[in-house]
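> Pasted the sequence and its predicted model underneath.
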Number of protein chains: 2
Amino acid sequence: MKAEIIFTGTELLLGQIANTHAQYLGERLSALGIETTRQVTVGDDWEGITGALREALGRADLVIITGGLGPTEDDLTMAAVAEVLERPLVLYEQALRRIDEYFAAQGKTTPPNVVKEAYLPEGAKLLPNENGTAPGCLLEDRGKILVVLPGPPRELQPMYEKYVEPRLREKLGNEAGVLYYRVLKLTGISECATQEKLKDLAASSVNPRIGYVVKPGEVHVRISSTASTQDEARLRVEELLKKVEERVKDYVFAYDEEQIEEVVGQLLRDRGFTIGVAESCTGGLLGGRLTNVPGSSDYFLGGVIAYANEVKERVLGVPSEVLRTVGAVSSQTAQAMAEGIKRLLGTTLGVGITGIAGPGGGTPQKPVGLVYIALATPEGTEVKRFEFPGHRAAVRQGAVNGALMMVRRYLEKGI
Amino acid sequence: MKAEIIFTGTELLLGQIANTHAQYLGERLSALGIETTRQVTVGDDWEGITGALREALGRADLVIITGGLGPTEDDLTMAAVAEVLERPLVLYEQALRRIDEYFAAQGKTTPPNVVKEAYLPEGAKLLPNENGTAPGCLLEDRGKILVVLPGPPRELQPMYEKYVEPRLREKLGNEAGVLYYRVLKLTGISECATQEKLKDLAASSVNPRIGYVVKPGEVHVRISSTASTQDEARLRVEELLKKVEERVKDYVFAYDEEQIEEVVGQLLRDRGFTIGVAESCTGGLLGGRLTNVPGSSDYFLGGVIAYANEVKERVLGVPSEVLRTVGAVSSQTAQAMAEGIKRLLGTTLGVGITGIAGPGGGTPQKPVGLVYIALATPEGTEVKRFEFPGHRAAVRQGAVNGALMMVRRYLEKGI
């Protein structure tokens, strides 16, 4: 099922308010396996709304239109829908009763112009508005579904979840076109390099297809498929996923909606382990991420932000000779930091991070993005060398993800 | 002049990210007096992008298209523009040089696929990207203006303001209106409480008008005016700003585009001061924020993340009696933490943060959101009690902003 969404409202075009429906509906539909192929925003004008409706109905199976259901002259949506579907607007007594009750509850009578809200295109299924006066409606016409929803988010969202989504689910039950996707989250590798590794797989596969999203310090590889059944789509995705994973397994730190700090937290809690962090270039961000999780005090005892070399030496016990000879950004320093914090706090695990976040300070031998991460465990200390791509924030977030990836791997498989 | 805007990106359609350009560009254009008549979002697919471009160019005088300028196979925008305008893509040597320099500055060579970003439609005016590699471009074709901008907001916004808006102003001559606005960033107060304080001012003023934006740990009060001249708009805004500021001055931590950590960093550097942090509920986020700023090693020496009480006691020297009697979330503990880190690292200033981030752990006496922040200085230690509204992330970010606000105030005026 392909969907298009039309947002009406001159205030959206003027940037007076943010369009929060775009993300909300995009995400809800995609979770159902419905592919949104286009979103259009038009103003409160007749030509704009009817034009957008005709175009969308010409292309998509499902059209959702939001806003413009109020009582003013600017509110044209219901009339535009009636015009485009060539149906008359008729009074829905049930809708009018609800509106009258709404005002009566406030000790008022219904203002004459609000009566307009009770007129819907003939044959429409009424969608009650539990947080306002204007009802929405759902129409099925020539094999297409058209859904009309109110503009305010607090009216739209409950109406969508209570009345629209169940109907879409029902429809999808016996119809072709289910979207399924998985996401691999990678760190320590650039989007370019990821694409290079997967080039032939991506080129030879259209359904499932491979897509990329880049965030600071992470690359998401998204494998999606549309098929006639959920099982078929899943099968296709999982098959390609295995091949993709094989190629990039050194960089995968999380899957799908997982929050890596929650995964690590649960693993630590399950083992009864504690952890401490020693951070240089990340400046506290790893501690910040670990403590995003409520209840993290069960396993996170604390850390030292050792930004200055003197702090690395004096508080964490990094040998001054190491700092003098191989420097602060080195495997040895990372190791001494991890072991130092483990010793200082008496934790099961200790993490040490040291690197060059940039933008300055890089050399050909030690470029911006070079980060050493050490994990001290009861069985010994592992150190990894990373080169994180991108600007300062990306390098720092990458280092946090890299550190959490190492802890996760250790806890899942041992060192 | 009528404008249409096309946003490209499958992640927008899927609701994976919010479309912040819609509001930003809508507002900027409307301030110039340009009417946006339609906004369209399409995925990263050839038919979608070229179709949307053709339609928009058929209707509008100005078309802006965003996103899809990166190096991957998904990035189709520049090729689609070339196709629709029937112009070849040609190598812009100047663009390639900038890309090479960008990578060289990081001690790297330009990856082969990034070279693609230096190809623009023939005759296009290059728009330099000062925060990334992919340039944008501006084309004038058969009386229409077509502007191509990168997707990331931190790349798009400076490019638009520096290169696109001046050209549009020129085109418009003296028809252009002028938008002027100021933003006050508040912490330690809820949106509702802020609105309550400003209710009468907001109700009695349409131009300038007062708007609110809420982010985790901050409330932004935005005062904006549109007028025929910059001076007139500014005058109106500054007059109202004074009144607003008077009412909320205890909560203001930053103005406009200021990054509080940069402001604080510059103040520390100017005085030749150093700083250390002792963090409990913020878990390292304050250190993380301070070290967002390149060159922060000039004044930030490090810190201790004292999540467990034992760490507060053993590493920072918080008296065990304080922890036992008044507890970890108390004015005394915050003070001992701030003084402890100042002593441990030998810094000019020390910050201590302790509080209840939630969602659990609150009591009527010590509710979720209660945070004590202490600032130890050569003249003594100041402690403030905050109650930050909202969920865990908001409380933690609020505490970071509150701490930076205290440091800023001290450095600007003394304790």
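That came through fine.

> Show me what from the stretch 51-200 of chain A comes close to chain B.
The stretch 51-200 of chain A comes close to chain B at residues A:52, A:190-193, A:195-196, as judged by C-beta under 8 Å from any C-beta of the partner chain. Every C-beta, even on glycine, is put in place using the N, C-alpha and C of the backbone.

> how about the helix or strand A:L146 falls within as PDB, C-alpha atoms only?
Using DSSP states H and E, the element containing A:L146 is strand A:144-149. What follows is strand A:144-149 as a C-alpha-only set of coordinates in PDB (Å, rounded to 0.1, in the frame of the first residue of the first chain):
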ATOM      1  CA  LYS A 144      -8.700   4.100  -2.600                       C
ATOM      2  CA  ILE A 145      -8.900   5.100   1.000                       C
ATOM      3  CA  LEU A 146      -9.100   8.800   1.900                       C
ATOM      4  CA  VAL A 147      -8.800   9.800   5.500                       C
ATOM      5  CA  VAL A 148      -9.600  13.400   6.700                       C
ATOM      6  CA  LEU A 149      -8.100  14.400  10.100                       C
END
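
> so A:V248 sits right up against A:L184, yeah?
Yes - the pair A:V248 / A:L184 is scored as a contact, 6.8 Å apart, by C-beta atoms under 8 Å.

> out of the two, which sits in the more crowded spot?
A:L184 (22 against 17; other C-beta atoms under 10 Å in any protein chain shown).

> how about that one, phi and psi?
Note on A:L184: backbone dihedrals following degrees, to the nearest 10 are phi -100, psi 130.

> ok, back up a step: report the set of residues contacting both of A:V248 and A:L184.
Common contacts of A:V248 and A:L184 (C-beta atoms under 8 Å, 6 or more residues apart in numbering or on different chains): A:V221.

> Which segments of chain A make up each domain?
Listed by automatic domain parsing, the domain ranges of chain A are A:2-173, A:178-255, A:260-413.

> how about those domains in TSV, adding distance to B:A95?
Shown next, in TSV, are the domains of chain A (distance: least, C-beta to C-beta, whole Å):
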stretch	distance to B:A95
domain A:2-173	30
domain A:178-255	17
domain A:260-413	19
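
> and of the ones you listed, who's closest to B:G390?
Closest to B:G390 of these is domain A:260-413 (C-beta to C-beta; 14.0 Å).

> Show the end-to-end separation of that closest one, please.
Chord length of domain A:260-413, first to last residue, is 16 Å (C-alpha to C-alpha, to the nearest Å).

> what's the answer for stretch A:110-117, then?
End-to-end for stretch A:110-117, by C-alpha to C-alpha: 11 Å.

> wait, is A:L53 part of a helix?
Yes - remark: A:L53 belongs to a helix, assigned using DSSP: H, G, I helix; E, B strand; the rest coil.

> Not counting residues beside it along the chain, what's closest to the residue nearest to the spatial centre of chain A?
Against the mean C-alpha coordinate of chain A, by C-alpha atoms, centre = their mean, the closest residue is A:E257 at 7.6 Å. Leaving aside its chain neighbours, A:E257 sits nearest to A:V183 (8.0 Å; criterion: C-beta to C-beta, 6 or more residues apart in numbering or on different chains).

> Can you tell me the SS state at the one you found?
A:V183 is classified as strand under three-state DSSP.

> can you pull up the bridge partners for it?
A:R222 (DSSP bridges).

> Can you tell me how far it is from A:R271?
From A:V183 across to A:R271, the span is 27 Å (C-beta to C-beta, to the nearest Å).

> and if you look at A:P216?
30 Å.

> More neighbours: those two, which one.
Ranked by neighbour count (other C-beta under 10 Å), A:P216 and A:R271 place A:P216 first, with 16 against 12.

> And the residue of the stretch 51-200 of chain A that's closest to chain B?
A:C192 (4.6 Å; C-beta to the nearest C-beta).

> That residue contacts B:T110, doesn't it?
No - the pair A:C192 / B:T110 is not scored as a contact, 10.0 Å apart, by C-beta under 8 Å.

> Quick check: residues of the stretch 301-415 of chain A near chain B?
Counting by C-beta under 8 Å from any C-beta, the residues of the stretch 301-415 of chain A that sit close to chain B are A:301-308, A:310-311, A:315, A:344-345, A:357-360, A:362-364, A:367-369, A:392-393, A:396.

> Buried ones among the residues of the stretch 51-200 of chain A next to chain B?
Buried positions within these, assessed by neighbour count (16 or more other C-beta atoms under 10 Å in any protein chain shown), are A:52, A:190-193, A:195.

> Distance to B:I223 for the residues you listed - can I get that in a markdown table?
A markdown table is the format used below for those (distance: C-beta to C-beta, whole Å):
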| residue | distance to B:I223 |
| --- | --- |
| A:A52 | 34 |
| A:S190 | 42 |
| A:E191 | 40 |
| A:C192 | 43 |
| A:A193 | 46 |
| A:Q195 | 45 |
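
> ok, which pair from those is furthest apart?
Across these, the longest distance by C-beta to C-beta is 41.0 Å; it joins A:A52 and A:A193.

> quick one: which helix or strand includes the residue in chain A sticking out farthest from the centre?
Seen from the C-alpha centroid of chain A, the residue lying at the greatest distance (C-alpha atoms, centre = their mean) is A:E321, 45.5 Å away. In this assignment (DSSP H and E), A:E321 forms part of helix A:320-325.

> For that helix, list every residue counted as buried.
A:322-323.

> And for stretch A:8-17?
For stretch A:8-17, by 16+ other C-beta under 10 Å, it's A:8-10, A:12-16.

> any idea of the mean pLDDT in the host helix or strand of A:E101?
Assigned by DSSP H and E, A:E101 belongs to helix A:93-104. Helix A:93-104 shows a mean pLDDT of 92 in the predicted model.

> Since that was my last question, I'll sign off now.
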